[in-house]
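In: below is the sequence, then the predicted model.
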Amino acid sequence: MTKNTKRLFFYVAVAVFLILSYIIILYAQGYKYSFSDSRFQRTGAISMKVNVGAKIFLDDEIQGDTSFFGSSYSIDRLLPGNYKLTVKKDGYSSWQKKVTVEGGFVADFPEIMILPEDGEEEQKLFEEVNILFKELAPFPILKSELTPLDSLKKTSSPTTLDEG
């Protein structure tokens, strides 16, 4: 190899290294190349937590299932724009929201609740709610010894002072 060939090879290698380093640093900082805009754009994310394990859809395309522990799910590296987020589970109502993703931000939905439509799951939910509310705020115990309203003693009503 001649000296000029070695020099050319060295400069090409340095140029490739610098270009790849720049792209990797942008990727690590949350940027993604947008082919529609022909430029790098900062990405955003969507994070959610659902009360039960469910399937997550983004623009009617399945993204995955919520995690077993905590029933949470996160969709990262989304280009800025509007998306349709849907949470579904068989036998449960579905949850849907139009989400605007902005670069550098996370759209967070920490308390998505989907309820059972009918059947055994609905009965389990009612039992859990009864247990929860019984612990938080017990219901008053009604006694059968209550007197009817008619037998209550009448009290004197406030009187007005005569002006004069």
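Out: Everything's here; your move.
In: identify the residue nearest residue 70 in space, chain neighbours excluded?
Out: Residue nearest to residue 70 in three dimensions, not counting chain neighbours: residue 49, with 6.6 Å by CB to CB, 6 or more residues apart in numbering. For glycine as for every other residue, the C-beta is placed from the backbone atoms N, C-alpha and C.
In: tell me which element the one you found falls in.
Out: Secondary structure from DSSP states H and E places residue 49 in strand 44-50.
In: buried stuff in stretch 89-100?
Out: For stretch 89-100, the buried set under the neighbour-count rule, 16 or more other CB atoms under 10 Å, comprises 89, 92, 95, 99.
In: surely the last one meets residue 48?
Out: Same thing as residue 99. No. In this structure, residue 99 is not within contact of residue 48 by CB atoms under 8 Å, at 9.7 Å.
In: common neighbours of these two, please.
Out: Taking CB atoms under 8 Å, 6 or more residues apart in numbering as the contact rule, residue 99 and residue 48 both touch residue 85.
In: got the phi and psi for residue 59?
Out: With angles defined as degrees, to the nearest 10, residue 59 sits at phi 50, psi 50.
In: for it, give me the pLDDT.
Out: With respect to pLDDT, residue 59 scores 96.
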